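Colleague: Here's my sequence, what's the structure:
(2 chains)
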Amino acid sequence: MNPKLTRRRFIKGVIASGVAAASTSLWYTASGQSRPAGAVERLLTISVNGQTRRVDVAPQETLAHTLRYKLGLTGAKLGCNRGECGSCTVLADDVNIYSCSTLTHEVKNKAILTVEGLRAADGTLHPIQAAFIQELSPQCGFCTSGQIMSAVALLKSNPRPTREEARNALSGNLCRCGAYDHYLNGVMRASGQLS
Amino acid sequence: MTYMHIGKDFTPPDIEGKVTGAARYAEDFRRDGLVFARLLTSPIPAGRVVSIDASEALAMPGVLGIFTADDLPESKPPANPALAKEFITYIGQPILAVAAESEELAEAAIERIVVEYERRPFVVDPLDTLVEGGPDPYPMGNSLIRTGEAAAGTTASGTGVGQIKWTSDQVASFRAGRFPTGASFPEEWMYGDVDANFAQCSTILEEPFVTIGYPHHSLEPRTGMAYWENGKCYFHGSLQSHTVGHDALSAMLEIDPANLVFINENTGGGFGSKIFPYPTMAVTGRFARKLNRPVQLRITRPEEFYIGSARSGMQGWIKIGLRDNGRVGAVDVAIVGDAGAGGGASGGSAAEHISIMYQPEAMRFRGMSLYTNTAPRGAQRGPGQNEMAAVLSPMMDKAARQAGIDLVEFRRVNAPGMDAKVGSRQGALSSSYYPQAIEQVATLFGWEQKKTLPRQISATKVRGIGVGEGYHSAGASGYDGLLRIAPDGKIYLHTGVGNLGTYSYAGVLRAAAEALQCSWENCVVVHGNSDLHLPHSTYQGGSNTIFTETRSSHVAALDAIRKLKTIAAAQFGGAVEDYSIGGERVFLTSDSSKGMSYGEAAQKAIELGGELSGMAYPEDIHNTTKRSVQAMQGTGLIGVAKDTLPKSGTAPGFAIAMVEIELDTETGKFDILDYSGVAECGTVIHPAGLRQAMNGGGVWGFGMAAYERHVYDPQNGLPANVGLYQAKLPTYLDVPLNMKTAGTDMPDPQSPVGSRGIGEPAQGCAAAALMSAISDALGGHLFNRTPVTPDMIVNHIAQNSFNTGDLKTNTF
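Modeller: Alright, predicted model coming up:
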């Protein structure tokens, strides 16, 4: 047997399991010892959708990555992964942000809200969600989570926006299907201005 | 006609998932043991791979393997290979894939791979390869040739690469906007006596034109994930069709279709680029088999630009003749199409648009498809028809003005009615209420009032109004319908239509609910996963679904009704014809107490067996449908049939739009003050869905007319606008604050519920109306191109020919 291959397989196995990286972080946390100079705490406690979640986060990791691949919250989509489309929009302390262009470590002290966290405890849809259904706002749906989160952020700061204000507030969210008119109708309906 | 479901809004079953984040797309799926593949793509526009040294990458811990063209069947030009080797034809073309335990590792491994390339000459402007001595995009030539029957929607077979050259004088003449005397065109058709009809015309217009291609940029990149279990491939993909691509994907993986499970409940946009399986799907599935691990091949946004397909470009010349009464007497058009690195250009479809929308009494088309070393092209929302609609509208306006005819009256005079003819063969239509659509939109927009408004609004603001028309064929036949009535009375409506966001996958099933006279709430839509036993349904593109699939849904329902009555007759006596349905019961027409519920009949079907419960089925249904019926045997009453309803002529989709803009002469920017569009798509089956189609198509039209285009650097073959903002997809701020749409809502006789499709014309009419309005705002000026961007408008106003001079595709 090729010894080099065997060694590589061993190392690959360690990396694949994630044991090495995770255990190092845990060791620092548990022992209370100071981290090496320049190192970043990896095991974060973050607030997502009102729940406290503990998660191992690499220093360069984006919030979209953490949400989608570590917390299983795939509502935020990666349309571009470079801050252009807005499909990954979530709220941090009620402000809409592109989660693909935000490091998780940057927002570790903020309350994160994703589309999965909008329903009431009894299952009732958020008014924006209900209005988007009523107005048949989504088409393909890939941008919809982002549109919803930007709309939620808008109504938190401006409960009765004009259509023009809504247009400006959502203008960082692209919709390739071109459902803009229907999303705006949804915002106006959710704010009680469309019957 | 009064319907229970047709023409009424409903809540599509998938929409709640879209607003809650529960809807899952291909990239949302993970699997134990998943490994991540990434592509190494070509940095050169033309050449070949001489060697690949991946030894350093493969030695990296966590790197599992590479996948190259040698792992795939050989591909011959102009087929677009999944991975290139001998024929690299564009920057960004996939060369190989690397799989690793993480995406970061895969990306790092790509950096360690050394690929030696041999460069070849390249070309990004079709006229540069057309000229004698000009470089060819392929070593063997520059043009598409037909060598036999091409596979639907692909260039995988039946096509080849030939070579066409013109003299430098002919190319110079064409560039200057004149017909190149003596030049050869491989495609040509004509009807009527063109010269004789031009001789009878009092108004003659001769113009050059260019339409520039642009990427689809579907918001969901075409990431896929595949794994193999017990000899079966499970594939999470992103296609806008579903079952119609099943056999093609199976062939790409070289497996029996029965051993493919394709899962695709939601698709994040396709617009023509995902009608059929695309090349990288072969890499995902085969790499997973090679590694015996689940593989996700992520396609990034820049990669989506390169491999996600794009609209073809056109450079052309047209001569239009009008008679005294405003009728278009003759049209002569020549088009050099830019097919990019594979695919086909759309000149023939563009000519078809002219033939139907203006009904010229004689017409000639000459054209060719030339390749360039730019992104591969494919069908994009009304390919050919829509860009022709956009660039033609202001030209037709100019001709009408020269003839002294109002722009809308001109459209009335030439409108395709019930007796309209289409294309080179001058075939008939299934029906046309287009003249009514013209009157409807003129009222909705207020054309007569708006045309009297002053054009000058202020010192720096001018008004423009315009009209535009869109057309696409909108329906086929011959696909299968399938449903199951379960003993609990639930009606499971199965469809192999993809879910590309129009909700038509569910809307067409309401034709079955209509025929069965059952409540929609009691119906369950079954779609999105071939393990759920789906029928062979239409390819979903080209405004095709509504007409085609209401027919197949209807015939499945008719089959179920026949079986319900057969069961009832066996139970209560009498003939099948003595029975009726209603209230989800089948009963003796003369004595409704003698009957049973659909659920009871389904239980009887199971007991009686045979065709009633799918133990036997029609011979003429597709193998996909047969497999599905076999899997459902004995589980209820099965309704299954192939659509053999009468069909003749072309089922058309028409749309007409009017636009009012306010244009700032200092910045070249304009705001769309009014957008009004009316669809002529037969009976409207889903009013909210129609508004979505018209409004979404409208936004696409604004993008075509004013924003989106390829820009390539002719020095290096590099694209200049790969990203979404550079490619300039329309945003909220580029479209009107409100959009008004409607439908004629008159039935087509060849659809059981009267409906036809509308997706493509919805874009064409908007693009054309905006182009018409821009021209109107600038005193009838013709830019002879799409798009017309604010810099062009400013340069025109400043009488500066920069950007408004030479007509070129890709390089402008």
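
Colleague: Nearest to chain B: which residue in chain A?
Modeller: A:Gly75 (2.2 Å; Cβ to the nearest Cβ). The C-beta positions use only the backbone N, C-alpha and C, and glycine is treated the same way.

Colleague: who's in contact with the residue nearest to that residue when sequence neighbours are not counted?
Modeller: Using Cβ to Cβ, 6 or more residues apart in numbering or on different chains and skipping the chain neighbours, the partner closest in space to A:Gly75 is B:Gly21 (2.2 Å). By Cβ atoms under 8 Å, 6 or more residues apart in numbering or on different chains, the contact list for B:Gly21 reads A:Leu73, A:Thr74, A:Gly75, A:Ala76, A:Thr114, A:Val115, A:Glu116, A:Ser145.

Colleague: Quick check: the second one is in a helix.
Modeller: No: the assignment for A:Thr74, made by DSSP: H, G, I helix; E, B strand; the rest coil, is coil rather than a helix.

Colleague: Let me see the contact set for it.
Modeller: Neighbours of A:Thr74 in contact, by Cβ under 8 Å, 6+ apart: A:Arg68, B:Gly21, B:Arg24, B:Asp28.

Colleague: Quick check: which ranges of chain A have low pLDDT?
Modeller: A:1-38 (pLDDT under 70).

Colleague: how does it divide into domains?
Modeller: A:1-39, A:127-190 (automatic domain parsing).

Colleague: quick one: secondary structure of residue 66?
Modeller: Since no chain was named, I'll use chain A. Reduced to three states by three-state DSSP, A:Thr66 is helix.

Colleague: not what I meant, chain B
Modeller: strand.

Colleague: And the pLDDT for it?
Modeller: You'll see B:Ile66 listed with a pLDDT of 98.

Colleague: Surely it touches B:Ile95?
Modeller: No: at 10.1 Å, B:Ile66 does not count as touching B:Ile95 under the criterion of Cβ atoms under 8 Å.

Colleague: what's the overlap in contacts for those two?
Modeller: In contact with both B:Ile66 and B:Ile95: B:Ile52, using Cβ under 8 Å, 6+ apart.

Colleague: all helices of the stretch 1-150 of chain B, in order?
Modeller: B:15-20, B:55-58, B:103-111, B:126-130 (DSSP state H, counting those that start in this stretch).

Colleague: Could you export the ones you listed as TSV, including distance to A:Val90?
Modeller: Listed next are the helices of the stretch 1-150 of chain B as TSV, based on distance: least, Cβ to Cβ, whole Å:
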stretch	distance to A:Val90
helix B:15-20	14
helix B:55-58	35
helix B:103-111	21
helix B:126-130	45
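
Colleague: so which of these comes closest to B:Ala375?
Modeller: helix B:126-130 (13.8 Å; Cβ to Cβ).

Colleague: Now do the helices in chain A.
Modeller: Assigned by DSSP state H, the helices in chain A fall at A:3-17, A:19-31, A:63-65, A:127-134, A:144-157, A:163-169, A:180-190.

Colleague: helix/strand/coil for B:Ile255?
Modeller: Following three-state DSSP, B:Ile255 is assigned to coil.

Colleague: what do you get for the one 10 residues further on?
Modeller: Using three-state DSSP, the structure places B:Glu265 in coil.

Colleague: now it: how far from chain A?
Modeller: 10 Å (Cβ to the nearest Cβ, to the nearest Å).

Colleague: Give me the phi and psi for that residue.
Modeller: phi -80, psi -30 (degrees, to the nearest 10).

Colleague: gap between the residue nearest to A:Gly75 and A:Ala64?
Modeller: Computed as Cβ to Cβ, to the nearest Å, the B:Gly21 to A:Ala64 distance reads 13 Å.

Colleague: B:Glu220 now?
Modeller: 15 Å.

Colleague: ok, these two, which is more surrounded?
Modeller: Shown here are B:Glu220 and A:Ala64; by other Cβ atoms under 10 Å in any protein chain shown, B:Glu220 has more neighbours (26 against 23).

Colleague: Kindly list the main-chain dihedrals of B:Lys319?
Modeller: phi -130, psi 130.

Colleague: Please read the previous query as pertaining to B:Arg366.
Modeller: phi -130, psi 140.

Colleague: which parts of the stretch 1-150 of chain B sit against chain A?
Modeller: Within the stretch 1-150 of chain B, the positions near chain A by Cβ under 8 Å from any Cβ of the partner chain are B:9, B:11-12, B:14-25, B:27-28, B:30, B:59, B:61-62, B:64, B:101-102, B:105.

Colleague: number of nearby residues for the residue lying closest to B:Ala100 once chain neighbours are set aside?
Modeller: Nearest non-adjacent residue to B:Ala100, counting by Cβ to Cβ, 6+ apart: B:Ala106, 4.0 Å away. Using other Cβ under 10 Å, B:Ala106 has 26 neighbouring residues.

Colleague: For the nearest residue to B:Arg785 once chain neighbours are set aside, give its distance to B:Glu448.
Modeller: Excluding its sequence neighbours, the residue lying closest to B:Arg785 (Cβ to Cβ, 6+ apart) is B:Val210, at 4.4 Å. To B:Glu448, B:Val210 is 34 Å away according to Cβ to Cβ.

Colleague: In terms of neighbours, single out the busier of those two.
Modeller: B:Val210 (23 against 11).

Colleague: B:Ala605 falls within a strand, correct?
Modeller: No: assessed with three-state DSSP, B:Ala605 is helix; it does not lie in a strand.

Colleague: B:Thr566 is in contact with that one, correct?
Modeller: No: applying Cβ under 8 Å, one finds B:Ala605 not in contact with B:Thr566, separated by 9.2 Å.

Colleague: Give me the common contacts of the two.
Modeller: In contact with both B:Ala605 and B:Thr566: B:Leu612, using Cβ under 8 Å, 6+ apart.

Colleague: OK, contacts around B:Lys450?
Modeller: B:Ile465, B:Glu660, B:Asp674.

Colleague: which residues sit in contact with B:Pro394?
Modeller: For B:Pro394, counting by Cβ under 8 Å, 6+ apart, the contacting residues are B:Gly466, B:Met771, B:Ser772, B:Ile774, B:Ser775, B:Gly780, B:Leu782, B:Phe783.

Colleague: closest to B:Gln380 among the residues you listed?
Modeller: B:Met771 (17.7 Å).

Colleague: Ramachandran coordinates for that closest one?
Modeller: The phi/psi pair for B:Met771 (degrees, to the nearest 10) is phi -60, psi -40.

Colleague: separation between it and chain A?
Modeller: 18 Å.

Colleague: That residue touches B:Gly466, doesn't it?
Modeller: Yes: using Cβ under 8 Å, B:Met771 is in contact with B:Gly466, at 6.8 Å.

Colleague: which one of these two has more residues nearby?
Modeller: Ranked by neighbour count (other Cβ under 10 Å), B:Met771 and B:Gly466 place B:Met771 first, with 31 against 24.

Colleague: State the distance from B:Trp700 to B:Ala768.
Modeller: Between B:Trp700 and B:Ala768 the computed distance is 12 Å (Cβ to Cβ).

Colleague: With neighbour numbers in mind, choose between these two.
Modeller: Neighbour count, other Cβ under 10 Å: between B:Trp700 and B:Ala768, B:Ala768 has more, with 36 against 28.

Colleague: Do me a favour and get the end-to-end distance for stretch B:124-135?
Modeller: With Cα to Cα, to the nearest Å as the measure, stretch B:124-135 spans 10 Å from end to end.

Colleague: The residue of chain A closest to chain B: neighbouring residues, count only.
Modeller: With other Cβ under 10 Å as criterion, A:Gly75 counts 28.

Colleague: again with A:Gly86
Modeller: 28.

Colleague: And the residue lying closest to it once chain neighbours are set aside, how far from B:Phe235?
Modeller: Closest residue to A:Gly86 in three dimensions, ignoring its sequence neighbours and counting by Cβ to Cβ, 6+ apart: A:Asn173, at 3.6 Å. In this view, A:Asn173 and B:Phe235 are 30 Å apart by Cβ to Cβ.
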